[in-house]
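**Student:** The sequence and its predicted three-dimensional model are supplied below.
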Amino acid sequence: MPGRGLRFLADRRRAVLVLAAWSLLESAQTFLTGYCLARALDAGFLAGRTTIGLAWLAVAAAAAFTAAPVVRGVFTQLAELVEPLRDALVHRAVSAALHRALADPAGVDLKAVSRLTQQTELVRDGFAGLVLTARSFVFHSVGTVAGLLTLAPVLLVPVLPPLLLGLSLLLAALRPMARAQRVFLDADEALADRASGVAAGLRDVTACGAGDEVGARTGAAIDAARRASLHLARWAAVRTLTLGAAGQLPVVALLSLAPWLLRQGVTAGELAGAFTFLVQSLLPALHTLMAALGTAGSRLLVVLERFAREPVEPRPQPPAAGPPAAPAGRVPRARHGRTPPAVLADGVSMRYGPTALPVLDGLDLAVAQGEHLAVVGPSGIGKSTLTSVLAGLLAPDQGAVWLGGTPVAGRTARELARLRVLIPQEAYVFTGTVLDNLRLLDPAAPPDRLLRAAALLGAAPLLAALGGPDAVLDPAALSQGQRQLLALCRAYVSPAPLVILDEATCHLDPAAEASAESAFAARPGTLIVVAHRLSSARRADRVLVLDGPRTALGTHDDLLRRSAAYREMTGYWSAVRPGGGKGGA
Ligand SMILES: Nc1ncnc2c1ncn2[C@@H]1O[C@H](COP(=O)(O)OP(=O)(O)OP(=O)(O)O)[C@@H](O)[C@H]1O
């Protein structure tokens, strides 16, 4: 990074030199301010020659009047340095976003917007601030040292040692300060990612009964952010100490050694001039430099690192989730026998408010152990509401639900997790290894079982693309389909006998969806799928058509004969996509 920075400045040598020339004029001003005051006192006012004193002050005032053109010159040259940097960053951010979009057309790179706007502006402001303050400090120091040397070289004795000590301390603290800032930003981002991941997958987390586990992981992220923030605050204190050493100590030393300096032949005017150099020029310049280094500097470093990490070449495309090598054949399923049904809903009604129309109105449903049921219906009719009620996430206003003969009412999240697993559309994936993600619902599951499940569900190529089972996942880097595949693997190995997929395959392509559903159908247990493609409904043993008063239950062929709602729906699906899809893949 420093190498690239130097190369950037070397390419703009002319702007740097002109900026240095303007800055030299600024240090001449610094020099004149203290020097004229010393002469005004010694040769003028203290010698009883008021006119000469006033004349020296007039020279200092004239020097101050040149400040405006100097500042204008400085800022013009600063723009010559800063704007090309901004253009280069925008170019880089756009290229990276386009390449990312080409690599994953379904993915939405929200960070690109931040890089284009906020992060680019952060770099621009931070870089401009640093150049401005660093340059100002260097030239004010040159002006101060030149002034002290001209007035009386012995004045450097109290000033130079604390100044050099403070600056060395600051230089030594820069790296650890930047590290602390980087750790803080990383921890902060990790916390934000985790919080947004949990928020997006809250239904998944609740449905899985993984609240404690996710709470512990989120708590750990909060602790890490708190520790990083404290560490950063300690370095801010060190920065203040270095400011004290470099800026205030020379003033204290100058005042303390004043009697000795007077004995060395330093005049009162020279002492006042030296004091002016320190208090009016060096100290403010040092103060702004420290502030810029402490805040803008470390932020700049971190944001620039982000830009540098961003690939501007197309990334290798992760393989699409393909079908598993050989989906196992259907396990023979017990039909309604003496065993209790896997799912029994008895007169279930559900409305979202006292005055709202019921979404479910006296629904009766029995799903046999081992059965595969598809639920279809127009958007907003209540399919997700039904899955939530069956999974025990929503308590019905009337009626009751039993899973395998156990009433769901009053069960804890852990108890429910043993009875069923519900995978919604928004899959929850967290920063952790691939295996940790897969065994969220069964922490004791051996790795080979997890990998077998992944292979069955067609997720093996994805796992390989992610870097293997022990690779650490970045949830933000995963597409919706990839997240869904991981959540499906997790559900597959769950010990729950009932799996409910609420459009949990909607981001997979039809082939991947078919193999995932076949794998679930072959899994011992019962499967309920909210279908969003005709093909998905056709694969099921029975189909529940949710459509208010036209609600019907039967096999695909049976429903085609007797349910107008089902015929309309299949007609719509076929018209939208002859292959049977409703879209969304
Ligand atoms: N938390 C809620 N509060 C109030 N109304 C809700 C809530 N959740 C769902 N609804 C309403 O209940 C109805 C059924 O919603 P639900 O999500 O169950 O339908 P859906 O068939 O799954 O829809 P889609 O296919 O679009 O996902 C809709 O009118 C919806 O607006």
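**Tutor:** Okay, I see it. Just so you know, these numbers come straight off a predicted model, no measurement behind them. Numbers count the residues shown, from 1 in each chain.

**Student:** got the residue ranges for the helices in the stretch 151-300 of the chain?
**Tutor:** With DSSP state H, counting those that start in this stretch as the criterion, the stretch 151-300 of the chain has helices at 156-200, 202-208, 211-243, 249-256, 258-263, 268-276, 283-291, 298-309.

**Student:** likewise the stretch 1-150 of the chain?
**Tutor:** 2-11, 13-39, 50-65, 67-103, 110-114, 120-151.

**Student:** Pipe these into CSV and attach mean neighbour count and distance to the ligand per row.
**Tutor:** Quick note: C-beta positions are derived from backbone N, CA and C, even for glycine. Compiled in CSV, the helices of the stretch 1-150 of the chain are given as follows (neighbours: other C-beta atoms under 10 Å; distance: least, C-beta to the nearest ligand atom, whole Å):
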stretch, mean neighbour count, distance to the ligand
helix 2-11, 10, 49
helix 13-39, 19, 57
helix 50-65, 14, 67
helix 67-103, 16, 27
helix 110-114, 14, 23
helix 120-151, 20, 38
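
**Student:** about what we covered before: so which of the helices of the stretch 151-300 of the chain gets nearest the ligand?
**Tutor:** helix 202-208 (10.4 Å; C-beta to the nearest ligand atom).

**Student:** how much space between Ala210 and the ligand?
**Tutor:** Applying C-beta to the nearest ligand atom, to the nearest Å, the value for Ala210 to the ligand is 21 Å.

**Student:** can you check Ala409 too?
**Tutor:** 19 Å.

**Student:** Now for that residue, how many residues are close by?
**Tutor:** Ala409 has 11 neighbours, counted by other C-beta atoms under 10 Å.

**Student:** ditto for the one 5 residues further on
**Tutor:** Other residues near Arg414 number 11, with proximity taken as other C-beta under 10 Å.

**Student:** now swap in Val429 and tell me
**Tutor:** For Val429, using other C-beta under 10 Å, the count is 24.

**Student:** Just read off the phi/psi values of it.
**Tutor:** Main-chain torsions, Val429, degrees, to the nearest 10: phi -130, psi 140.

**Student:** which residues touch the closest residue to Ala453 other than its chain neighbours?
**Tutor:** By the measure of C-beta to C-beta, 6 or more residues apart in numbering, the closest residue to Ala453 outside its immediate chain neighbours is Tyr492, 4.4 Å from it. Tyr492 sits next to 453, 456-457, 499, 519-520, 523 when contact means C-beta atoms under 8 Å, 6 or more residues apart in numbering.

**Student:** Could you report the distance from Tyr492 to the ligand?
**Tutor:** 23 Å.

**Student:** which secondary structure elements does the strand or helix carrying Leu544 contact?
**Tutor:** Taking DSSP states H and E as the definition, Leu544 sits inside strand 542-545. Secondary-structure packing of strand 542-545 (3 or more C-beta pairs under 8 Å, 6 or more residues apart in numbering; DSSP states H and E): strand 372-376, strand 552-554, helix 556-562, helix 564-576.

**Student:** can you list contacts of the shortest one?
**Tutor:** The set of residues external to strand 552-554 that reach it, using C-beta under 8 Å, 6+ apart, is 365, 542-545, 559, 562-563, 565-566.

**Student:** List the buried residues for that strand?
**Tutor:** 552-554 (16 or more other C-beta atoms under 10 Å).

**Student:** How about stretch 158-169?
**Tutor:** 158-159, 162-163, 166-167, 169.

**Student:** near the ligand too, which of these?
**Tutor:** Counting by C-beta under 6 Å from any ligand atom, nothing from these sits close to the ligand.

**Student:** can I get those in a markdown table with distance to Ser536 and pLDDT?
**Tutor:** Converted to a markdown table, these look like this (distance: C-beta to C-beta, whole Å; pLDDT from 0 to 100):
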| residue | distance to Ser536 | pLDDT |
| --- | --- | --- |
| Pro158 | 84 | 94 |
| Val159 | 80 | 92 |
| Pro162 | 76 | 91 |
| Leu163 | 75 | 88 |
| Gly166 | 70 | 87 |
| Leu167 | 69 | 86 |
| Leu169 | 67 | 88 |
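
**Student:** Same list, those, but as JSON lines with distance to Trp402 please.
**Tutor:** JSON lines is the format used below for those (distance: C-beta to C-beta, whole Å):
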{"residue": "Pro158", "distance to Trp402": "88"}
{"residue": "Val159", "distance to Trp402": "86"}
{"residue": "Pro162", "distance to Trp402": "80"}
{"residue": "Leu163", "distance to Trp402": "81"}
{"residue": "Gly166", "distance to Trp402": "75"}
{"residue": "Leu167", "distance to Trp402": "76"}
{"residue": "Leu169", "distance to Trp402": "71"}
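
**Student:** closest to Phe137 among those?
**Tutor:** Of all the buried residues of stretch 158-169, Leu167 has the smallest distance to Phe137: 9.4 Å, by C-beta to C-beta.

**Student:** where in the stretch 251-400 of the chain is pLDDT low?
**Tutor:** 294-295, 298, 302, 306-338 (pLDDT under 70).

**Student:** ok, which residues in it are in contact with the ligand?
**Tutor:** Going by C-beta under 6 Å from any ligand atom, the residues of the stretch 251-400 of the chain near the ligand are 352, 359, 377, 379-385.

**Student:** Just the pLDDT at Ala531, thanks.
**Tutor:** pLDDT for Ala531: 86.

**Student:** returning to that earlier point: between the contacts of strand 552-554, which has the most around it?
**Tutor:** Val543 (26 neighbours).

**Student:** list the contacts for that residue?
**Tutor:** Val543 touches 373-376, 531, 537, 553-556, 559, 566, counting by C-beta under 8 Å, 6+ apart.

**Student:** can you rerun that using 7 Å?
**Tutor:** 374, 376, 537, 554, 556, 559 (C-beta atoms under 7 Å, 6 or more residues apart in numbering).

**Student:** ok, so of those, who is nearest the ligand?
**Tutor:** Nearest member of the contacts of Val543 to the ligand, counting by C-beta to the nearest ligand atom, is Val376, at 9.4 Å.

**Student:** Beta-bridge partners for that closest one, please?
**Tutor:** Val545 (DSSP bridges).

**Student:** doesn't Val545 make contact with it?
**Tutor:** Yes: using C-beta atoms under 7 Å, Val376 makes contact with Val545 at a distance of 5.7 Å.

**Student:** how close does the nearest residue to Val408 once chain neighbours are set aside sit to the ligand?
**Tutor:** Spatial nearest neighbour of Val408, chain neighbours left out: Gly392 (3.6 Å); criterion: C-beta to C-beta, 6+ apart. Using C-beta to the nearest ligand atom, Gly392 is found at 16 Å from the ligand.

**Student:** wait, Gly392 sits on Arg411?
**Tutor:** Yes: applying C-beta under 7 Å, one finds Gly392 in contact with Arg411, separated by 5.8 Å.

**Student:** Neighbour count for the two, which is higher?
**Tutor:** Gly392 (26 against 16).

**Student:** Next, the more buried one: secondary structure please.
**Tutor:** In three-state terms, and counting by DSSP: H, G, I helix; E, B strand; the rest coil, Gly392 is coil.

**Student:** Give me the phi and psi for it.
**Tutor:** The phi/psi pair for Gly392 (degrees, to the nearest 10) is phi 80, psi 10.

**Student:** And the furthest pair within the buried residues of stretch 158-169?
**Tutor:** Pro158 and Leu169 (18.1 Å).

**Student:** quick one, domains of this protein?
**Tutor:** 2-152+266-309, 343-576 (automatic domain parsing).

**Student:** quick one: what helix or strand has the residue nearest to Arg539 when sequence neighbours are not counted in it?
**Tutor:** Spatial nearest neighbour of Arg539, excluding adjacent residues (C-beta to C-beta, 6+ apart): Glu517 at 5.8 Å. Using DSSP H and E, Glu517 sits in helix 510-522.
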